[in-house]
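[1] Pasting the sequence and the predicted model now:
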Amino acid sequence: MDVLKLVSKARKGNDEAFERLIGLYQHQLYRTAYMYAGNQEEALRIVQDTICEAYISFKDLKKLDYFLAWLTRILLHHAYRAKQEIDEMEGPDSLQGVLMQLDENYQTVILLSYYYDLPIDHIAWHLNVSEVTVSTYMRNVTKLLPHLEEGGILHGQKKTY
């Protein structure tokens, strides 16, 4: 059964369809949560909170074909909240450490574009900005990342971009 049919059934209250949808995306959700949390326990908590909130607020999903972007938005909301509670990040040489120094919009663009391979219009919807703004974020991120590696936090300087 295709994803759109599952989303439609789940939105109508079919619990089995919802479980199948979560099963399809559980590994992506966990990996994203782990990237933000840095540890298994916190990542699992973030995923659990995400699934609970998605189940409760499924009726709020307006466009069925945006299910993954909607689910990811919920996950990132929980991840950002958890991130605020964490005092120390994993380490300055890690990808997570580099990403944590970027603005949340840039972090989201990197994850949704390169990790989830979502198109620009879905990312724009997720961030509630125009497609032009997303393109600008993407261009800025590709310019910033080499600088972070050359002289930024990877070499001991703490900068916030």
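    Sure, I can see it.
[2] rest of the way, CA atoms for contacts and neighbours
    Fine.
[3] ok, Lys5 to Ala17 distance?
    For Lys5, the distance to Ala17 equals 9 Å [Cα to Cα, to the nearest Å].
[4] so who does the closest residue to Glu131 other than its chain neighbours touch?
    Nearest non-adjacent residue to Glu131, counting by Cα to Cα, 6 or more residues apart in numbering: Ala124, 5.3 Å away. When contacts are counted by Cα atoms under 8 Å, 6 or more residues apart in numbering, Ala124 touches 130-131, 133-134.
[5] circling back to that earlier point, more neighbours: which of Lys5 and Ala17?
    It is Ala17, of Lys5 and Ala17, that has more neighbours when counted by other Cα atoms under 10 Å, with 20 against 13.
[6] ok, the more buried one touching Leu4?
    No. Look at Ala17 against Leu4 with Cα atoms under 8 Å: they stay out of range, at 10.6 Å.
[7] Give the next helix or strand downstream of the lowest-mean-pLDDT helix or strand in the chain.
    Within the chain, no helix or strand scores below helix 95-100, which has a mean of 70 by mean pLDDT, DSSP states H and E. Of the helices and strands lying after helix 95-100 in sequence (DSSP states H and E), the nearest is helix 104-110.
[8] Compare the contacts of Ala124 and tell me which is most surrounded.
    Neighbour tally across the contacts of Ala124 (other Cα under 10 Å): the maximum, 23 neighbours, falls on Val134.
[9] Mind checking what secondary structure the residue nearest to Glu131 has?
    helix (DSSP: H, G, I helix; E, B strand; the rest coil).
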